[in-house]
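J.: Just need the structure, nothing else, for what follows:
(2 chains)
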Amino acid sequence: MTLQTQPNEPHATDAESNLELKEVEGLSQGQIVRKRFFRHFGAVAAMVVLALIIVLAFTSVGISLWGIRIPGWWQYSWNDIPPVVDGGRPSAQHPFGQDTVGHDIFAVVMRGTQQSLMIMVIVGIIGATIGIVLGSLSGFFRGWVDSLIMRFTDVIITIPFIIAGAVIGATFGNLGAAILGLVLGLFSWTGLARLVRGEFLTLREREFVDAARVAGASNGRIIFKHILPNAIGVIIVNTTLLMAGAILAETALSYLGYGVRAPDTSLGLVISDNQTAFQTRPWLFWWPGLFIIIIALCINFIGDGLRDAFDPRQKRMPSERAMRRRAKVAADAAVLRGHESDDPAHASVAESVVDETPAEAGGDDGEPPIVRGDDPATGR
Amino acid sequence: MATFIIRRLIAAILILLAATFLVYNMVALSGDPLEDLRGSQAPNVQQLIEARIRLLHLDVPPPLRYFIWLSGIGGCFIGQCDFGFTIQQQPVVVLLEAAMGQTIQLVTISNVVAIILGIVIGITTALRQYSAYDYGITFVSFLFFSLPIFWVAVLLKEFGAIGLNDFLQDGGTVSPVFIVVFTVITGLIWASLIGGDLKRKAATFAISGVATAGVLVYMSSTGWFLDPRFRIGGADLSIVIVGAFMIAAAVGVTAILSGFKRKRPLIIGLAVALLGIVLYVPLQYTLLNPSAFVMSIPFLLLLAVVTVLVGVGIGWLFGGEQRSQAMKIGGWVAFLSGFVIIVDRIQQVWMPYSESGRIRGRPIATIGATTPNLDGSFWVLSLDTLTHLLLPSIALLLISFAGFTRYTRASLLEVLNQDYIRTARAKGLTERTVVVRHAFRNALIPIATIIAFDIAGLIGGAVITERVFGWNGMGTLFQTGLDRTDPNPVMAFFIVTGALALLFNLIADLAYAALDPRIRVS
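T.: Now for the predicted structure:
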């Protein structure tokens, strides 16, 4: 195999990273991430579905927060008790059916979705804030600050989330979803703090941080302007995962009776109240479960898309066929240029590419082939 | 090494002390332990309140009461554990002993199965990246990841158990539609898994499809689901099936660990399998016969260790130049052969068990951890435990399995893109050696950490699963304690789970050191 490296050029680049570089030429970090994210079909679909659910949940039954009550377009509220129609089976009037008392399950599920979303966002914000602050302090200052914070993290991490959540729920559950989310957030930051610390420990040794320090930047400036932006990928991805975990934790706690309490409602509470009626009224069970799954699935898919966007290491490689096609196009172009060129030596180099590319591209075992220097256009 | 373990143990104990202090106070301050008595109309309510205050030291403020509790726990080191009393004046130690076995059984079984399944499926998806199989598993694991465990558990209980029991009661015959659908799905999975060009995929699909359909038709027509034995003309010839499984294990283990290029490892694997087949019949009349020998779980574990040692020993004796590989192969084949024999032994009691008066043909249990007052041999009781464990374990493992699959896949893919893997391939090593020797070991390093962390989540899941399936395990202890603002049972639950979590963390650290030569524990 002849390396196509020109002496005055940097090393020949892999076909993949070459394609990669072309795609991101002249774009800012934010634009690159956005571009990669929107290429992830699952993540984009998840985002659309989640947006629809949010709009549906908050417009249909309206908002009730701290005594302010804004009604929505749906005719029933989650605490209305209309007469039971047709044994509570789903009908045009009650699309998700009714329970034994007569509650409209659509309204109840929408209210539960609101609660879950609210708790999810609050846990996400609180957990991320504490995790970032403690993790960056610990990773940046090291020494005794690090030991202190990490031992504290160890203590909190030893308490399973379900225990912390249940004890908190037993104490604060009757104060409403917002308070519950707030206190749950106080116990959900540990994983993020460890990850942020790890990022800080590696980033603070990098040259650009030294450069900033030599230039006289203060600790605060280095943390906020130089290190945090580089750790943002880890933070965002793990905050989404934290939120997906929070929604499952909240519903589980409500199911156990330590989360949101009656007269307010939550998706977990609806399932818990109605699980004995599974044989007779399965819709009481299917709808709330379906909404929990859809929300958690959406968040997980968005998290996956964000991970792909921020961390190209596990990113999809171009398929074998796409690589071969690209290599062929590049080789053809090189041949054309080679014939136009007056330099015979260069033409022969280009022709050797044509000979070798198909053989090299045919990797075995479905492994993406590694085609070196298949793009002489950049080698010129 | 010893200093490292001791240092980590001391740190773990200190962390556990701090965490228990925190949880104790949180529980003690979460409500009023005298609530039920304050509303009581009993004439002697004042005496009851005083008795409870005296029993539970309620006159001491919680931060100090913690130390009273702690001194009781400290008694464990001199053999007198005192976990205090519950509000109903029962000693917590007694409750804990009854509850702990069930929960640990549940958590261990589902964790082990989830780890094995997750790693195997994770590896296959990584090796077949961007195949239909990979996309399918990715979606399924995302779905499982997003499932609320209580919902799955209720679904399994109301759907799975009743469906399975009806199926068994109706004679255990599989409908043709099910056979067709199942065959097509397995065929597709195999075709996508084996890969290759279209012709090869079609061949794989056809072969696996015919095999699956054949096995299903056979099982359905001979009532295998009611009596899982292989009979020809009334004679129980299950030894044929057992032997086939053992030889398959030998071939499979050899294929993974050493390949077929050299004959010796394969011969050793087959020899161990043959030994298993030879021992099958004598074992039925001695160790596995309840009237000749009383089996117990510790003895079974001892037997497993001995079996593995025998296999390793055969590998050591006859391994020749490939001694280390032969020892591994011998050990694994011996273990798998022993496992097949035990499974076969339990299958033998399946029909008597499900037809017994207490079960009445509906063996898949939905409530409790054992059938109360069931009488029988070790094998019958084991089977009873297994049928009770089946659905809760599935509920638990579905969720952690999804996580393991994702992590294994990600970690193996990352390793496979490293330069040293390229070097290994360039050297001309076979794909098997590259994946098993070079990639897999390194991919295991991050997974070890994940498994340790996951144990805490699994315990949380166990609390919920136990509640759905009506188990009287640790979850109940925790919940009733918390509902009555009774810290002692809650703390008993927490100290066991917390110790378990710290123990797994320690094991993860040691596994780290064993897997990654760059890390030295000292």
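J.: which one's the longest helix in chain B?
T.: Among the segments of chain B that qualify as a helix by DSSP state H, the longest is helix B:378-416.
J.: now check the helix or strand just after it, is it near chain A?
T.: Downstream of helix B:378-416, the next assigned helix or strand under DSSP states H and E is helix B:419-426. Yes: between helix B:419-426 and chain A, judged by C-beta under 8 Å from any C-beta of the partner chain, the touching residues are B:Arg422. For every residue, glycine as well, the C-beta is placed using N, CA and C.
J.: tell me the contacts of the spatially most central residue of chain A?
T.: A centroid search over chain A (C-alpha atoms, centre = their mean) returns A:Gly303, at 1.4 Å, as the residue closest to the centre. Counting by C-beta atoms under 8 Å, 6 or more residues apart in numbering or on different chains, A:Gly303 touches A:Val237, A:Thr240, A:Leu241, A:Ala244.
J.: From A:Leu290, how far out is the last one?
T.: The reference is to A:Ala244. To A:Leu290, A:Ala244 is 16 Å away according to C-beta to C-beta, to the nearest Å.
J.: out of the two, which sits in the more crowded spot?
T.: Higher neighbour count among A:Ala244 and A:Leu290: A:Ala244, with 23 against 14, using other C-beta atoms under 10 Å in any protein chain shown.
J.: thinking that one is in contact with A:Ala296, fair?
T.: Yes: counting by C-beta atoms under 8 Å, A:Ala296 is a contact partner of A:Ala244 at 5.2 Å.
J.: which residues do these two both contact?
T.: Shared contacts of A:Ala244 and A:Ala296, counting by C-beta under 8 Å, 6+ apart, come down to B:Phe145, B:Ser146.
J.: Okay, buried residues for the longest helix of chain B please.
T.: Within helix B:378-416, the residues that qualify as buried are B:378-385, B:387-416, counting by 16 or more other C-beta atoms under 10 Å in any protein chain shown.
J.: ranges for the helices of the stretch 101-250 of chain A?
T.: A:105-141, A:143-158, A:161-172, A:177-185, A:190-203, A:207-214, A:219-221, A:228-256 (DSSP state H, counting those that start in this stretch).
J.: Apologies, that question was intended for the stretch 251-400 of chain B.
T.: With DSSP H, counting those that start in this stretch as the criterion, the stretch 251-400 of chain B has helices at B:263-285, B:297-318, B:323-348, B:350-355, B:378-416.
J.: I'd like to know which of these lies nearest to chain A.
T.: Between chain A and the helices of the stretch 251-400 of chain B, the tightest spacing by C-beta to the nearest C-beta is seen for helix B:378-416, at 5.8 Å.
J.: Identify the residues contacting the residue of the stretch 101-250 of chain A found nearest chain B.
T.: The minimum distance from the stretch 101-250 of chain A to chain B, using C-beta to the nearest C-beta, falls at A:Ile162 (3.2 Å). With contacts defined as C-beta under 8 Å, 6+ apart, A:Ile162 is in contact with A:Ala249, A:Ala252, A:Leu253, B:Ile459, B:Gly460, B:Gly461, B:Val463, B:Ile464.
J.: now B:Thr476: how far from chain A?
T.: Applying C-beta to the nearest C-beta, to the nearest Å, the value for B:Thr476 to chain A is 11 Å.
J.: Would you mind marking which of the buried residues of helix B:378-416 are also close to chain A?
T.: Applying C-beta under 8 Å from any C-beta to these, one finds that B:Ala410, B:Leu413, B:Glu414 fall near chain A.
J.: pLDDT weak spots in the stretch 151-300 of chain B?
T.: Scanning the stretch 151-300 of chain B for pLDDT under 70 picks out no residues.
J.: near chain A, which residues of it?
T.: Counting by C-beta under 8 Å from any C-beta, the stretch 151-300 of chain B sits next to chain A at B:Trp151, B:Val154, B:Leu155, B:Glu158, B:Gly195.
J.: which of the residues you listed are buried?
T.: So, by 16+ other C-beta under 10 Å, the buried ones in those are B:Trp151, B:Val154, B:Leu155, B:Glu158.
J.: Can I get the residues you listed in CSV including distance to B:Arg54 and secondary structure?
T.: Formatted as CSV, those follow (distance: C-beta to C-beta, whole Å; DSSP: H, G, I helix; E, B strand; the rest coil):
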residue, distance to B:Arg54, secondary structure
B:Trp151, 44, helix
B:Val154, 42, helix
B:Leu155, 47, helix
B:Glu158, 46, helix
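J.: Out of those residues, which two are the most distant from each other?
T.: By the measure C-beta to C-beta, B:Trp151 and B:Glu158 form the most distant pair in these, at 10.9 Å.
J.: Could you tell me which residues make contact with residue 259?
T.: Picking chain A for this. Residues in contact with A:Gly259 (C-beta under 8 Å, 6+ apart) are A:Gly165, A:Gly169, A:Gly173, A:Leu180, A:Glu250, A:Thr251, A:Ala252, A:Leu253, A:Ser266, A:Gly268, A:Leu269.
J.: switch to chain B, that's the one I care about
T.: B:Thr430, B:Arg432, B:Thr433.
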